[in-house]
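Student: Dropping a prediction and its sequence here:
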Amino acid sequence: MPTITRFEEIEAWQTARELTRLIYEYTEDGKFARDFGLKDQIRRASVSIMSNIAEGFESQTQAQFIRYLGIAKASAGEVRSQLYVVRDLQYIKEEQFSTVFQLAEKNSRQIANFITYLESHPSSGKLREDSAEYEA
């Protein structure tokens, strides 16, 4: 696996970004837009996936990164669970549900696979900044 130097290069983060974009798009219409509690919760859960991947990547150790990835994976599960409520209330069309649900499942798998990879390739502990240059 090539070295990742920025969290934006992580495929799971890229998928989470697309998932978040769709969640925001779908929550802008009809009854969904007026269900402020569910709309806010599913938006926060999707943003949490992206944020925890980024925060973990920027953390000090691989163990911390893995912990943050676990939180991101949990948020992906939260999004999937909330999508069932959204579908049951018929806030989105079935094709929209399928699209966004499949993306959330893909994201969860990506995160799980990334965790497995990191656990099977332990680093020396510190993730980054070995070659960072700081100005005084």
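Tutor: Yep, it's here.
Student: CA only for contacts and neighbour counts going forward, please
Tutor: Noted.
Student: Nearest the geometric middle of this protein, what residue?
Tutor: The C-alpha lying nearest the average C-alpha coordinate of the chain belongs to Ile49 (CA atoms, centre = their mean; 2.5 Å).
Student: what are the ranges of the helices in the chain?
Tutor: According to DSSP state H, the chain carries its helices in the segments 11-26, 30-34, 36-57, 62-88, 94-120.
Student: okay, these in a markdown table with mean pLDDT and distance to Ile4 next?
Tutor: Below are the helices of the chain laid out as a markdown table (pLDDT from 0 to 100; distance: least, CA to CA, whole Å):
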| stretch | mean pLDDT | distance to Ile4 |
| --- | --- | --- |
| helix 11-26 | 98 | 10 |
| helix 30-34 | 96 | 37 |
| helix 36-57 | 98 | 9 |
| helix 62-88 | 98 | 13 |
| helix 94-120 | 97 | 12 |
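Student: The residue nearest to the centre of the chain against Glu78, yeah?
Tutor: No - taking CA atoms under 8 Å as the definition, Ile49 is not a contact partner of Glu78, at 9.9 Å.
Student: Ser46: neighbouring residues, count only.
Tutor: Other residues near Ser46 come to 27 when the count uses other CA atoms under 10 Å.
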